[in-house]
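*Asks:* Structure, please.
(one chain, ligands or ions: 2)
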Amino acid sequence: MKRVCIYGAGAIGGWIGVKLARSGCEVSVVARGATLQALQADALRLDEGGATLQAPVRASASPADLGVQDLVVIAVKAPAMAEVARAIRPLLGPDTIVLTAMNGVPWWFFEGFGGRYAGTRLKSIDPDGAIAQAVPARHIVGCVVHASCALRTPGHVQHHFGNKLIIGEPSGEKTARVQQLASLLAGAGLECVLSEQIQKDAWYKLWGNMTVNPVSAMTGATTDLILNDDLVRGFISRVMLEAREIGERVGIPIAQQPEDRHQVTRKLGAFKTSMLQDVEAGKPVEIDALVTVVREMGEMTGVPTPFTDALLGLSRLHARVHGLY
Ligand SMILES: NC(=O)C1=CN([C@@H]2O[C@H](COP(=O)(O)OP(=O)(O)OC[C@H]3O[C@@H](n4cnc5c(N)ncnc54)[C@H](OP(=O)(O)O)[C@@H]3O)[C@@H](O)[C@H]2O)C=CC1
Ligand SMILES: CC(C)(CO)C(=O)C(=O)O
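*Replies:* Numbering: from 1, shown residues only. Ligands and ions are numbered 1, 2, ... in the order given. The predicted model follows:
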């Protein structure tokens, strides 16, 4: 697995890209705007543990310039996926793996999983099926990112904490290719965990950030302030109980109480969520992949979602008023 393309060299894509390039992969990048300019002039850079690591990469706005890859890492924010789908084709050969390093419920969630819901297309994620058509499910390996990175400047990433990528085939099978990919990522210095059921890992992460992220986006509050406010914490716990019931019905039960999950988030301290960072940067927010989709899955499974609906209505309105949705 030598030829690797990072689609979206922001905080997470840049972090993974530098790691893979320095472990011997031939890394290219699909980028645009200021990031493209920066990477055509200079190396991709990563500040980590007091050192700056550099990796020269081939950057283009056009996937056709980069050609068929062994591995494509998609690390854009969810609202950018429709555009990625329109352009990604030249990167995909018959054996290309597409690793989706993104938060939220991915478009392939019910591929090879979900019992009676198997194969369901989530309209809030992939309204017309164009994403699934552009990236056929056979290419997908799922990925849940447990790390925090931010952009210092375009093409220059600051790693904050966490080094873990949980990966897995949507079917849960331990295929040769997923094991090979896990070795590649581990060889690049990333802690790589092979999941039994990647949908469950994605859902557990979502269980925390589907609430804290939009509340932070609306209020400007860091995670500590959100969890220290009894009324806000009570509200988001009610949203989480709805999501937990939905997860139970689709086959991904969570054997925890919302308070247990809050303890995980509390460990982050006074942390600005990625959605708050997006609001501050004037970038589109990942509301559909984090919240709208839970409402959709509530309708699908017959779980009433009054608290989720309130959170969605308010956060969507906030984002619309600020031109971010
Ligand atoms: N940052 C973090 O710590 C964590 C992030 N995540 C998740 O990882 C995913 C990526 O997040 P993050 O790295 O923070 O996001 P960033 O916004 O930092 O990076 C996304 C990058 O994708 C680029 N991009 C978007 N559309 C295109 C396009 N059509 N062509 C080329 N490049 C494109 C953006 O370019 P441009 O700047 O021009 O828009 C940007 O450089 C998200 O789902 C996020 O929720 C998960 C865990 C932690
Ligand atoms: C803050 C955290 C870790 C949980 O809400 C997160 O996932 C994010 O910032 O996107």
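*Asks:* what does the chain have sitting close to ligand 1?
*Replies:* Residues of the chain lying near ligand 1 by Cβ under 6 Å from any ligand atom: 8-13, 30-33, 35, 75-78, 80, 83-84, 101-103, 145, 147-149, 151, 274, 286. In this view, the C-beta of every residue, glycine as well, is placed from N, C-alpha and C.
*Asks:* What's the separation between D230 and H262?
*Replies:* Using Cβ to Cβ, to the nearest Å, D230 is found at 12 Å from H262.
*Asks:* From the residues of the chain next to ligand 1, which land in helices?
*Replies:* Mapping the residues of the chain next to ligand 1 onto helices (DSSP state H) picks out A11, I12, G13, G33, T35, E83, V84, S274.
*Asks:* how's this protein carved up into domains?
*Replies:* For the chain, automatic domain parsing gives the domain ranges 3-196, 201-321.
*Asks:* Next up, the contacts around the residue nearest the centre of the chain.
*Replies:* With distances taken as Cα atoms, centre = their mean, the residue of the chain nearest its centroid is M102 (1.3 Å). By Cβ atoms under 8 Å, 6 or more residues apart in numbering, the contact set of M102 is I74, A75, V76, K77, A78, M81, C143, V145, A289.
*Asks:* which of the residues you listed count as buried?
*Replies:* I74, A75, V76, K77, A78, M81, C143, V145, A289 (16 or more other Cβ atoms under 10 Å).
*Asks:* Just those: which are in strands?
*Replies:* Counted as lying in strands by DSSP state E, out of the buried ones among the contacts of M102, are I74, C143, V145.
*Asks:* so the second one sits right up against P170, yeah?
*Replies:* No: counting by Cβ atoms under 8 Å, C143 sits too far from P170 to count as a contact (11.2 Å).
*Asks:* Common neighbours of the two, please.
*Replies:* I198.
*Asks:* At which residues are the helices of this structure located?
*Replies:* 11-22, 33-41, 63-66, 81-87, 130-134, 176-187, 198-219, 223-228, 230-250, 258-266, 274-281, 287, 293-301, 306-321.
*Asks:* and among the ones you listed, the most buried is which?
*Replies:* helix 287 (a mean of 27; mean count of other Cβ atoms under 10 Å).
*Asks:* and the closest residue to V18 other than its chain neighbours, how many neighbours does it have?
*Replies:* Leaving aside its sequence neighbours, V18 sits nearest to L46 (Cβ to Cβ, 6 or more residues apart in numbering; 4.0 Å). Counted by other Cβ atoms under 10 Å, the residues lying close to L46 total 25.
*Asks:* L46 reaches T52, doesn't it?
*Replies:* Yes: counting by Cβ under 8 Å, L46 does reach T52; the two are 7.1 Å apart.
*Asks:* Are there residues contacting both of the two? Which ones?
*Replies:* With Cβ under 8 Å, 6+ apart, L46 and T52 have no common neighbours.
*Asks:* Nearest to ligand 1: which residue in the stretch 151-300 of the chain?
*Replies:* Closest contact between the stretch 151-300 of the chain and ligand 1, by Cβ to the nearest ligand atom, is at S274 (4.8 Å).
*Asks:* contacting residues for that residue?
*Replies:* N103, N209, N213, E286.
*Asks:* in the stretch 101-250 of the chain, what residue is nearest ligand 2?
*Replies:* As assessed by Cβ to the nearest ligand atom, ligand 2 sits closest to N209 within the stretch 101-250 of the chain, at 3.4 Å.
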